[in-house]
Every structure is written in C-alpha cells, then in structure tokens.
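In: Need a 3D model of the sequence below.
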Amino acid sequence: MLEIRSARKVFYKGQADEKVALDGLDLSLATGEFGVVIGSNGAGKSSMLNAISGALVLDTGQIVINGDDVTATPVHKRATRLARVFQDPMRGTAASMTVAENMLLAELRSNKRTLRRGLNATRLSAYKDRLSLLGLGLENRLDTRVELLSGGQRQSLSLIMAVGGSPELLLLDEHTAALDPRTADIVMQATIRAVEALKLTTLMVTHNMQHAVDFGHKVIMLDAGRVRLEIDGKDKAQTTVPDLIGHFSVKTDRMFLAS
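Out: Numbering: from 1, shown residues only. A predicted model of the protein is given here:
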C-alpha cells in the first residue's frame with residue numbers, strides 16, 4: 001500500500017556541511033498495517049515523512065501509494081490521500097476558528113461550499129459523536145475557538161480531523177511527544193481506536209520506546225537514512241523496551257569503534 005523505493009536525499013550537496021538525509025531508503029507497509037518508526041536524532045525519520053507527504057523532493061527514488069507513483073505529485077494533491085498529525089499541537093488546526101469549523105474544513109478539503117452552509121445539524125451531531133470518544137469534553141465546545149483549547153485538546157482535535165476523511169495513509173509525527181503523560185495516553189488510545197475502526201494504514205514516528213513495543217504491527221529502526229532493523233510478527237510480540245534500547249546501544253558502540 002505504501003512503498004518507498006531507494007529514496008535518496010542529500011542536503012547541501014557538494015558543500016562542506018553536506019548531509020545525507022535518506023540513503024537509498026526502502027520501506028513498505030501493507031494495506032491496514034501499522035508501522036512504528038524509531039531512530040536517533042538525524043536518522044532520517046522527519047525526512048522520510050516529508051518525502052511521503054511531498055514536502056521534501058527526493059533526489060532519486062520513488063514514493064508509491066496504493067500502486068500509484070506519487071513521487072512528482074505536489075503536497076496539496078497528496079493531501080487528498082493522506083493525513084498527517086504533527087508533534088506541535090499548534091499545527092494542523094486554525095486557531096481563530098471554532099472546533100466545529102475546523103472539523104468542517106478537514107471534511108471539505110476540496111469542497112467549495114461555505115462553512116455556514118456546511119455546518120448543519122447533521123454534521124454537528126456527527127462531530128459531537130466523534131469528539132466524545134476522546135473523553136476531553138470537546139463535544140461540548142464546538143463553538144469554542146481552537147486558540148482557547150489546551151495543547152492536549154488541540155492535538156486530540158487534530159487527530160479527529162485527520163482520520164475523519166478515512167485517508168489512505170495516516171502519518172503520525174511524534175504526535176504525543178509534546179503532551180503530558182495522561183493526555184498523551186488519551187490521545188494514543190484514541191489513535192488506536194481510530195486506526196482499528198477505520199482499518200487505516202499508519203506510519204508513526206516516535207521516541208517513546210514503550211509505545212513502539214505496545215502498538216503497531218511492526219517496528220522499523222532508521223539509522224543514517226536507511227532501515228537498519230525491522231521487527232514484526234511473533235518477534236515484535238516478544239520484544240521489550242530494553243531490547244529496543246539495546247539496538248541503539250549497539251549502534252553507538254559501532255560508531256565509537258569506527259571513530
């Protein structure tokens with residue numbers, strides 16, 4: 001369903017500070033599969049997500065979604081097929097608009113109808129039902145401007161907006177990292193409910209090793225722009241947090257020995 005084929009991206013090519021962000025990256029997810037991506041800072045995680053979304057143009061390689069090569073497809077056209085939730089709760093929503101208006105914007109991305117015509121009783125009822133699943137009381141704040149919400153409430157709204165259109169691919173960019181533990185757990189549980197209910201193909205980047213162990217069908221470790229490790233099936237079910245941390249340690253030792 002998602003294929004990244006030999007993706008390569010080099011920043012500042014030919015300069016003293018040349019940086020290889022993606023180095024022939026190959027990665028694939030089947031339809032409905034949930035992949036969790038881990039890796040140290042600079043491993044290529046953000047570059048990978050940006051390449052998938054179209055925000056980063058590859059030097060070479062391909063991005064394929066549901067059999068369609070979207071490598072040359074611009075961001076705004078890919079947005080009709082995929083959704084992304086960012087780490088920063090302030091992204092992904094319009095601060096000056098209400099909760100209901102934000103949800104309508106997400107629903108009608110390419111629809112020319114106005115918000116006033118679109119915000120009918122049927123939609124408002126549906127929005128209340130979706131938001132009530134979060135347990136944050138947002139279903140009672142449809143007329144509240146988003147800028148007045150807490151970071152956790154705003155991030156939860158971003159998630160509901162992202163999955164509302166049943167995207168072909170959901171990208172989660174450390175979407176719980178900026179939240180307090182309790183709210184992060186609420187958002188993560190809401191994420192799992194949405195992914196399972198809608199059978200969404202999902203790629204989640206995280207630094208939370210417990211999340212990597214507990215959630216998803218497989219763990220993918222990136223290092224220097226390549227897939228260094230992939231764990232799925234029974235092996236993933238038996239993997240522990242110390243196991244994953246151990247792989248980071250091996251990488252560090254090798255870097256030390258090579259220096």
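
In: When you work out contacts or count neighbours from here on, use the C-alpha atoms and nothing else.
Out: OK.

In: Return the mean pLDDT over stretch 38-53, rounded to an integer.
Out: Taken as a whole, stretch 38-53 carries a mean pLDDT of 96.

In: What of stretch 124-133?
Out: Computed over stretch 124-133, the mean pLDDT rounds to 89.

In: ok, and for that stretch, which residues are buried?
Out: Counting neighbours by 16 or more other C-alpha atoms under 10 Å, one finds that the buried residues in stretch 124-133 are 124, 127-128, 130-131, 133.

In: Need the residues that contact that stretch.
Out: Applying C-alpha atoms under 8 Å, 6 or more residues apart in numbering, the contact partners of stretch 124-133 are 100, 103, 137-140, 142, 157, 160, 190.

In: In contact with the residue lying closest to Gly216 once chain neighbours are set aside: list those residues for me.
Out: Excluding the flanking residues, the one nearest Gly216 by C-alpha to C-alpha, 6 or more residues apart in numbering is Phe34, at 4.7 Å. For Phe34, the contact set (C-alpha under 8 Å, 6+ apart) comprises 200-204, 216-218.

In: Mark which of those are buried, thanks.
Out: Neighbour counting with 16+ other C-alpha under 10 Å marks 200-204, 216-218 as buried within the contacts of Phe34.

In: wait, what's in contact with the nearest residue to Asp88 once chain neighbours are set aside?
Out: Distance criterion C-alpha to C-alpha, 6+ apart; nearest residue to Asp88, sequence neighbours excluded, is Ala178 at 6.7 Å. By C-alpha under 8 Å, 6+ apart, the contact set of Ala178 is 87-89.

In: Kindly reformat those as CSV containing distance to Ser150, neighbour count and pLDDT.
Out: Output for these, formatted as CSV (distance: C-alpha to C-alpha, whole Å; neighbours: other C-alpha atoms under 10 Å; pLDDT from 0 to 100):
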residue, distance to Ser150, neighbour count, pLDDT
Gln87, 14, 19, 91
Asp88, 12, 17, 88
Pro89, 9, 22, 81
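
In: which one among those residues gets closest to Ala212?
Out: Distance to Ala212, by C-alpha to C-alpha, is smallest for Gln87 among the contacts of Ala178, at 16.2 Å.

In: residues in contact with the most centrally placed residue in the chain?
Out: The chain has Leu172 as the residue nearest its centroid, 1.5 Å off, counting by C-alpha atoms, centre = their mean. By C-alpha under 8 Å, 6+ apart, the residues touching Leu172 are 84-86, 202-205.

In: and the gap between it and Asn66?
Out: 19 Å (C-alpha to C-alpha, to the nearest Å).

In: do the same with Leu25
Out: Distance from Leu25 to Asn66, by C-alpha to C-alpha: 18 Å.

In: How far does stretch 12-24 sit from its chain's centre?
Out: 25 Å (C-alpha atoms, centre = their mean, to the nearest Å).

In: Neighbours of the nearest residue to Ala55 once chain neighbours are set aside, how many?
Out: In space, and not counting its chain neighbours, Ala55 is closest to Val75: 6.1 Å by C-alpha to C-alpha, 6+ apart. For Val75, the neighbour count with other C-alpha atoms under 10 Å is 17.

In: I figured Val75 hits Gly54, correct?
Out: Yes: using C-alpha atoms under 8 Å, Val75 is in contact with Gly54, at 4.7 Å.

In: Check which residues of the strand or helix carrying Thr191 are buried.
Out: Per DSSP states H and E: Thr191 is located in helix 181-198. Of all the residues in helix 181-198, those buried under the rule 16+ other C-alpha under 10 Å are 183-184, 186-188, 190-192, 194-195.

In: do the same with stretch 205-221
Out: For stretch 205-221, by 16+ other C-alpha under 10 Å, it's 205-207, 209, 212-213, 215-221.

In: ok so, going back, how about the contacts of Phe34 in a markdown table, adding secondary structure and pLDDT?
Out: Listed next are the contacts of Phe34 as a markdown table, based on DSSP: H, G, I helix; E, B strand; the rest coil; pLDDT from 0 to 100:
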| residue | secondary structure | pLDDT |
| --- | --- | --- |
| Leu200 | coil | 95 |
| Thr201 | strand | 97 |
| Thr202 | strand | 98 |
| Leu203 | strand | 98 |
| Met204 | strand | 98 |
| Gly216 | coil | 95 |
| His217 | coil | 96 |
| Lys218 | strand | 97 |
